[in-house]
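In: Okay, here's the prediction I keep looking at, along with the sequence it came from:
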Amino acid sequence: MASMDKVEGLRRALRITNVSLLLVHIFLLFFFYFQNVRFMAYFNVGSLIFYVLAIFILKKRKLFAYIALTLLEVLAHLSAATICIGWDAGFAMYTMPIVFISFYLRYIFNDSRFLRKLPQVSSFVSAIVFLVLRIVTYRMKALYIVKPEIRDITYLVNCAVIFGFIILCMYAYTSLVMNREVNLHERADYDELTQVYNRHKMRDILDHANMAEQTENAGFSTTILDIDDFKKVNDTYGHDAGDYVLRTITEFMKHRAHVMESMAEHHIMHIGRWGGEEFLIVQEYDLELDNWRQKCVDNIESLLHEIRNYKFTYMGEHFDITMTAGIAFHLPGEPISVTINRADQFLYNGKESGKNKLVQG
């Protein structure tokens, strides 16, 4: 089933479409009437009745029924108009937007059984209608005579409307695709709980930092941080409390990154959840900066200080949280895995020597 948000969005779009088609057929009613094309004038009266009734169809949320009936009405109208005033008026070209809108709807509602075959069926029917109209109008004259200049103006107006519709449809389609790609990238790069980078994305950042070190006058450090006695939090207060702690700590990290980057223009801090209660911080820096090594250390020390002095509160329960961290500076030519292992070893040494501290090599 399509999601409620998508269905409601489609319903709003179809209501706008229905009003637009009502206005279009009011205009066509008067146009054909004053051109003495009486059959099409009567046809447009029928179209107006249909689109008025369609308001109630949309109110009852019969959206797919509305789509099917509207496509049939458009095909019938363009066929009748083409036979009445001739091929050169351009009404047959409205078969082309039907193909675009059908595939667009299929993309949006890819879980709808009704729309699964819509693009193929509507494209096939539109192509058949287009070809049949071309053959019929080639073999027979138009049923009504309109002035050549009126027919030419009608052709240009129809071309403008069709191109405008196709451009609008393709713009909406490409915007939707691009937004979905952005969402997919965000889901692929971010940890769902903490909304910081995940392990996969942090590996990409490490590769990028390593490349920058080789091509620019830059360096980077890796810091692995672990929440001390995190299991006790889960066992004592529950896993929801553990999630609260993880989210709160990442907010401290994001704030620290913002502070550091605002103070040092060429110092970038990347934050990622490395696994469980472990986090990885990668700090990129310009080697021309003064005391760059000490700035990385001070940044982590400040973060640990902020966390240990914060009073965590969950469901009325107050408790303290501390973290242990190990920081390693990447050496030129050193494999990234070795740098990570050194930081992990420093973290282990910190755990073994009392926790709640930063250990560096």
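Out: Done, it's in. Residues are numbered from 1 along each chain as shown.
In: What are the buried residues along stretch 169-184?
Out: By 16 or more other Cβ atoms under 10 Å, the buried positions in stretch 169-184 come out as Cys169, Tyr173. The C-beta positions use only the backbone N, C-alpha and C, and glycine is treated the same way.
In: Which residues does that stretch contact?
Out: Contact with stretch 169-184 is made by Pro97, Phe100, Ile101, Tyr104, Tyr107, Ile108, as judged by Cβ atoms under 8 Å, 6 or more residues apart in numbering.
In: got the CA coordinates for the one helix or strand Ile83 maps to in CSV?
Out: Using DSSP states H and E, the element containing Ile83 is helix 63-85. Taking C-alpha atoms only, helix 63-85 is exported to CSV below (Å, rounded to 0.1, in the frame of the first residue of the first chain):
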residue,chain,number,x,y,z
LEU,A,63,-7.8,8.5,-6.7
PHE,A,64,-6.9,5.7,-9.1
ALA,A,65,-10.4,5.6,-10.5
TYR,A,66,-10.1,9.3,-11.2
ILE,A,67,-6.8,8.8,-12.9
ALA,A,68,-8.1,6.1,-15.2
LEU,A,69,-11.3,8.0,-16.1
THR,A,70,-9.4,11.3,-16.7
LEU,A,71,-7.0,9.6,-19.1
LEU,A,72,-9.9,8.1,-21.0
GLU,A,73,-11.6,11.5,-21.1
VAL,A,74,-8.4,13.2,-22.4
LEU,A,75,-7.9,10.5,-25.1
ALA,A,76,-11.6,10.8,-26.2
HIS,A,77,-11.4,14.6,-26.3
LEU,A,78,-8.2,14.8,-28.3
SER,A,79,-9.5,12.2,-30.7
ALA,A,80,-12.8,14.0,-31.2
ALA,A,81,-11.0,17.4,-31.6
THR,A,82,-8.5,16.0,-34.1
ILE,A,83,-11.3,14.5,-36.3
CYS,A,84,-13.5,17.6,-36.1
ILE,A,85,-10.9,20.3,-37.0
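In: what's whichever helix or strand comes after that helix packed up against?
Out: Following helix 63-85 in sequence order, the next helix or strand is helix 95-108 (DSSP H and E). Where contact means 3 or more Cβ pairs under 8 Å, 6 or more residues apart in numbering; DSSP states H and E, helix 95-108 is packed against helix 4-34, helix 63-85, helix 113-116, helix 118-139, helix 148-189.
In: Pick out the shakiest of those helices, pLDDT-wise.
Out: Lowest mean pLDDT within the helices and strands packed on helix 95-108: helix 113-116, a mean of 74.
In: Other residues contacting that helix?
Out: Residues outside helix 113-116 that contact it (Cβ under 8 Å, 6+ apart): Phe64, Leu105, Arg106, Phe109.
In: Quick check: of those, which lies closest to Asp235?
Out: The shortest gap between Asp235 and any of those belongs to Phe109, at 45.9 Å (Cβ to Cβ).
In: Isn't that closest one up against Leu10?
Out: Yes - look at Phe109 against Leu10 with Cβ atoms under 8 Å: they come within range, at 7.5 Å.
In: list the buried ones in the helix holding Ile83?
Out: Residues 63-64, 66-67, 69-71, 73-75, 77-85 are the ones in helix 63-85 that count as buried (16+ other Cβ under 10 Å).
In: With stretch 298-316 instead?
Out: Neighbour counts over stretch 298-316 (16+ other Cβ under 10 Å) mark Asn299, Ile300, Glu301, Leu303, Leu304, Ile307, Phe312, Tyr314 as buried.
In: Val19: which of those is nearest?
Out: Closest approach between the buried residues of stretch 298-316 and Val19, by Cβ to Cβ: Tyr314, at 51.5 Å.
In: Show me the beta-bridge partners of that closest one.
Out: Applying DSSP bridges to Tyr314 yields these beta-bridge partners: Glu317.
In: Touching, it and Tyr237? I think so.
Out: Yes - if you go by Cβ under 8 Å, Tyr314 and Tyr237 touch, sitting 5.9 Å apart.
In: just to revisit the earlier point, which pair in the contacts of helix 113-116 spans the largest distance?
Out: Most distant of these, by Cβ to Cβ, are Phe64 and Arg106, 11.9 Å apart.
In: give me every residue that touches Glu352.
Out: By Cβ under 8 Å, 6+ apart, no residues touch Glu352.
In: Actually, Tyr51.
Out: Neighbouring residues of Tyr51 by Cβ under 8 Å, 6+ apart: Asn18, Leu21, Leu22, His25.
In: confidence score at Gly361?
Out: 71.
In: That one - how many residues pack around it?
Out: 11 (other Cβ atoms under 10 Å).
In: What of Gly164?
Out: For Gly164, using other Cβ under 10 Å, the count is 11.
In: and if you look at Leu206?
Out: Counted with other Cβ under 10 Å, the neighbours of Leu206 add up to 21.
In: you'd agree it is in a strand?
Out: No - if the criterion is DSSP: H, G, I helix; E, B strand; the rest coil, then Leu206 is helix and not within a strand.
In: Could you find the closest non-adjacent residue to it?
Out: Leaving aside its chain neighbours, Leu206 sits nearest to Ile336 (5.0 Å; criterion: Cβ to Cβ, 6 or more residues apart in numbering).
In: Okay, Ala257 and Glu288: tell me how far apart.
Out: Separation of Ala257 from Glu288 (Cβ to Cβ, to the nearest Å) stands at 21 Å.
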